[in-house]
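Undergrad: need coordinates for the following:
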Amino acid sequence: MDIKVGAWSHTKYADKETQWICDQVRNLVEGKTNKIYQEFKAALSRDQLVNGTNFLIKVRVGERNYIHLQVYQALPCHGGHLELSGVQGEKTQDDPLEPFNN
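TA: Take a look at the predicted model:
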């Protein structure tokens, strides 16, 4: 598979790493949205290789409720820290996972 720097990957099912990222930024997301989520399960994701990695993640937060997260992860040589770049609420299972500005 060819990986193009700067291009977003296709949408794929979330894996353990994606769920781990969601778990790490959950408190930031709840603070930004001013909501406490009973459910916070990564469903789908896309990634973009830059000087680090950008992630777009669809997170299930209720029976038919989803939010979209944009998260940046620095390269390991720069500490590998995570930054929450944005949150979009009021999403559905069918909403496409597209980059956004927040």
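Undergrad: who's in contact with residue 101?
TA: residue 86 (Cβ atoms under 8 Å, 6 or more residues apart in numbering). Using the backbone N, CA and C atoms, a C-beta is placed for each residue, glycine as well.
Undergrad: what about it, helix or strand, and which?
TA: Applying DSSP states H and E as the criterion places residue 101 outside every helix and strand.
Undergrad: strands of this structure, start to end?
TA: For the chain, strands defined by DSSP state E occupy the ranges 12-13, 41-50, 52-60, 66-73, 82-91.
Undergrad: could those strands go into JSON lines alongside distance to residue 20?
TA: Compiled in JSON lines, these are given as follows (distance: least, Cβ to Cβ, whole Å):
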{"stretch": "strand 12-13", "distance to residue 20": "15"}
{"stretch": "strand 41-50", "distance to residue 20": "9"}
{"stretch": "strand 52-60", "distance to residue 20": "11"}
{"stretch": "strand 66-73", "distance to residue 20": "11"}
{"stretch": "strand 82-91", "distance to residue 20": "10"}
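Undergrad: looking at those, which is closest to residue 28?
TA: Comparison of these against residue 28 by Cβ to Cβ identifies strand 82-91 as nearest, at 4.4 Å.
Undergrad: residues in contact with that closest one?
TA: Strand 82-91 has contacts (Cβ under 8 Å, 6+ apart) with 21, 24-25, 28-29, 32-33, 54, 58, 65-74, 100-102.
Undergrad: next, count neighbours for the nearest residue to residue 22 once chain neighbours are set aside.
TA: Nearest residue to residue 22 in three dimensions, chain neighbours excluded: residue 42, at 4.7 Å (Cβ to Cβ, 6 or more residues apart in numbering). Close neighbours of residue 42, defined as other Cβ atoms under 10 Å, add up to 22.
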